[in-house]
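In: One predicted model, sequence on top.
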Amino acid sequence: MQQIIFFLIRNKNFLLFIVLFSISIFLTIQSHSYHKNNFINSSNSVTGGIYTIKSSITNYFNLRKENEVLIDENTRIRIQLESYKSKVVDQNIDTNSILSKYYFVSAKVINNSFSKTKNKLTIDKGERDSIQLDLGVITSKGIVGIIDNVSNKYATIQSILNTNSQINAKLKNAKHFGSLVWNTQDPNVIQLIDIPRLAPVKIGDTIVTGGKSTIFPEGILIGAVVDFELTEDKNSQNLNIQLFNDMTNLQHVYIIDNLDSQEIINLEKGL
Amino acid sequence: MLNNEILKNIIRFILLVLTQVLLLNHINFLGYVNPYIYILFIIVFPFTGNKSLLIFLSFMLGLTIDFFLDSGGIHAAACVFIAYIRPQVLKYSFGISYEYNTIKISNTDFMKQLIYVGSMVFFNHIVLFSLETFNTDHLLLLLKSTVFSSIFSTIIILSAITIFSEKPK
């Protein structure tokens, strides 16, 4: 017994090191598995609070650019709205009364990373603004990622610039689907893999979301094809895509809530 | 005197964490190079201080950074690792007698400082980036990040030591 206690005292530093190191490794591995509710994340109130203070200062630097983006988007939406109106016979239609399958919440990005291999963002909306896990996040120009941790006031997003991300996407002009992944090389270029060989791909083609999941609606912009090549087995092709979004400069994002998602998920589980 | 030392370390802990998460993580020099200055806490922790305490504090330091960066436990692991190997690194940088002389890091000659800080930073970064990448596909990226970030961090930490050192009167 005494021997054991002596042994413990003699090696206390080593044992402490092993214990703490194992805890760290455990936390790391846990964070690599696709969003379990991780303990270590920046959506808690202390880190979220500090990031909010920071972004309330740094936001002023981008106001001009942010305004331009909003005006652009307003113009685009106005044009769309007019085209809808012209299709409807009754000119006095109230656009608020049109039921949409999707509900949008806007949020501000308070922390953004893009230089690591597993990038995440933090936003200033959380559970009390009806943000839940697995909601899609977009900007006016394209997709950003998927919510993967939520606290009361904050949430973190698993960016598309994350080697764990895999998002269904397709060519705008064709019906061929593929998966969107990132090879960590460039924060503005991502890869669309598993596009069938037969698909007609041209440089400059637009890539949009596929709508095969409940997370993103169909047809949200992603980017344009820069180049493409056949895979080694000659069955599919891999595309490099230049994002429309500047992932290194994000400020305002929209969170998409699919109001039917619960119904779809329950139905699929029941099968 | 002792209380003074504790207070100094607490303030240093908080200041380094805030500098790291609010300022230095947004540098992204050349797209992927970020200096990690917070390990300065472990580097300048009193040489004669309690080793178990240092290992535990390093864990807390790393974990705090992880909370901010959403990175699981990679910073905690890297910090605990360098805190554990610090006595060995001290031994080969400053010679066997470091424990008995109350040397201050800012008073030693530059070459010794460079070896000590450089190796601490390198060991930290290699653990950090290996765990972050966690994948053999990106080995080149891992080496690139480690080497360039190490150089960058070492320069900044050495400058910080020089700037904030107390001049002998």
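Out: That came through fine. Numbering: from 1, shown residues only, chains lettered A, B, ... in the order given.
In: what does the stretch 151-271 of chain A have sitting close to chain B?
Out: A:156, A:163, A:184, A:186-187, A:248 (Cβ under 8 Å from any Cβ of the partner chain). In this view, the C-beta of every residue, glycine as well, is placed from N, C-alpha and C.
In: let's see 6 Å
Out: Residues of the stretch 151-271 of chain A lying near chain B by Cβ under 6 Å from any Cβ of the partner chain: A:156, A:184.
In: show me where pLDDT drops low in the stretch 151-271 of chain A?
Out: The stretch 151-271 of chain A contains residues with pLDDT under 70 at A:271.
In: how far does whichever helix in chain B runs longest sit from the chain's center?
Out: Ordering each helix of chain B by length in residues (DSSP state H) puts helix B:139-164 first. Distance of helix B:139-164 from its chain centroid, counting by Cα atoms, centre = their mean, to the nearest Å, is 10 Å.
In: Kindly report the same for stretch A:205-212.
Out: Put simply, stretch A:205-212 sits 15 Å off its chain's centre (Cα atoms, centre = their mean).
In: And the most centrally placed residue in chain B, how far from chain A?
Out: In chain B, the C-alpha nearest the mean C-alpha coordinate belongs to B:Ile39, at 2.3 Å (Cα atoms, centre = their mean). Here the criterion is Cβ to the nearest Cβ, to the nearest Å. By it, B:Ile39 lies 15 Å from chain A.
In: just checking, what packs against the longest helix of chain B?
Out: In terms of contacts (3 or more Cβ pairs under 6 Å, 6 or more residues apart in numbering or on different chains; DSSP states H and E), helix B:139-164 is packed against helix B:110-133.
In: pretty sure A:Gly48 contacts A:Tyr154?
Out: Yes - with contact defined as Cβ atoms under 6 Å, A:Gly48 reaches A:Tyr154; the gap is 3.7 Å.
In: Show me which of those two is the more surrounded one.
Out: With neighbours defined as other Cβ atoms under 10 Å in any protein chain shown, A:Gly48 and A:Tyr154 compare such that A:Tyr154 has more, 27 against 24.
In: who's in contact with that one?
Out: By Cβ atoms under 6 Å, 6 or more residues apart in numbering or on different chains, the contact set of A:Tyr154 is A:43, A:48, A:126.
In: Now do the contacts for the last one.
Out: Under the criterion of Cβ under 6 Å, 6+ apart, the contact partners of A:Gly126 comprise A:150-155.
In: Which pLDDT value belongs to it?
Out: pLDDT recorded at A:Gly126 is 88.
In: Please enumerate the helices of chain A.
Out: Ranges of helices within chain A are A:2-10, A:12-32, A:45-58, A:63-87, A:261-270, based on DSSP H.
In: buried sites along the second one?
Out: Residues of helix A:12-32 classed as buried: A:13, A:16-17, A:20-21, A:23-25, A:27-28, A:31 (neighbour count, 16 or more other Cβ atoms under 10 Å in any protein chain shown).
In: And the fourth one, by the same measure?
Out: For helix A:63-87, burial by neighbour count (16+ other Cβ under 10 Å) applies to A:Val69.
In: And the average pLDDT for that helix is what?
Out: Per-residue scores along helix A:63-87 average to 78.
In: what's the distance between it and the middle of its chain?
Out: Its chain's C-alpha centre and that of helix A:63-87 lie 23 Å apart, by Cα atoms, centre = their mean.
In: Contacts made by that helix with the rest, please.
Out: Applying Cβ under 6 Å, 6+ apart, the contact partners of helix A:63-87 are A:140, A:251.
In: which stretches of chain B have low pLDDT?
Out: Using pLDDT under 70, the flagged stretches of chain B are B:1-2, B:31-32, B:96-103, B:135-136, B:166-169.
In: and it, which of its residues are near chain A?
Out: Residues of chain B lying close to chain A (Cβ under 6 Å from any Cβ) are B:22, B:28, B:32, B:51-52, B:55, B:59, B:66-68, B:70, B:72-74, B:76-77, B:80, B:84, B:131, B:133, B:138, B:141.
In: re earlier: skipping its backbone neighbours, what lies nearest the residue nearest to the centre of chain B in space?
Out: B:Asn124 (5.3 Å; Cβ to Cβ, 6 or more residues apart in numbering or on different chains).
In: count of neighbours near that neighbour?
Out: 29.
In: in terms of contact, does it touch B:Cys79 like I think?
Out: No - contact criterion Cβ under 6 Å: B:Asn124 and B:Cys79 do not qualify, at 7.1 Å.
In: C-alpha coordinates for stretch B:73-89, CSV please?
Out: The C-alpha coordinates for stretch B:73-89 follow below in CSV (Å, rounded to 0.1, in the frame of the first residue of the first chain):
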residue,chain,number,x,y,z
GLY,B,73,-9.5,20.1,-26.8
ILE,B,74,-6.5,20.7,-29.1
HIS,B,75,-5.1,23.8,-27.4
ALA,B,76,-5.5,22.1,-24.0
ALA,B,77,-3.6,19.1,-25.2
ALA,B,78,-0.8,21.1,-26.7
CYS,B,79,-0.5,23.3,-23.6
VAL,B,80,-0.5,20.4,-21.2
PHE,B,81,2.2,18.7,-23.3
ILE,B,82,4.6,21.6,-23.3
ALA,B,83,4.0,22.2,-19.6
TYR,B,84,5.0,18.6,-18.9
ILE,B,85,8.2,18.7,-21.0
ARG,B,86,9.2,22.2,-19.8
PRO,B,87,11.7,21.0,-17.2
GLN,B,88,13.6,19.0,-19.9
VAL,B,89,13.5,21.9,-22.3
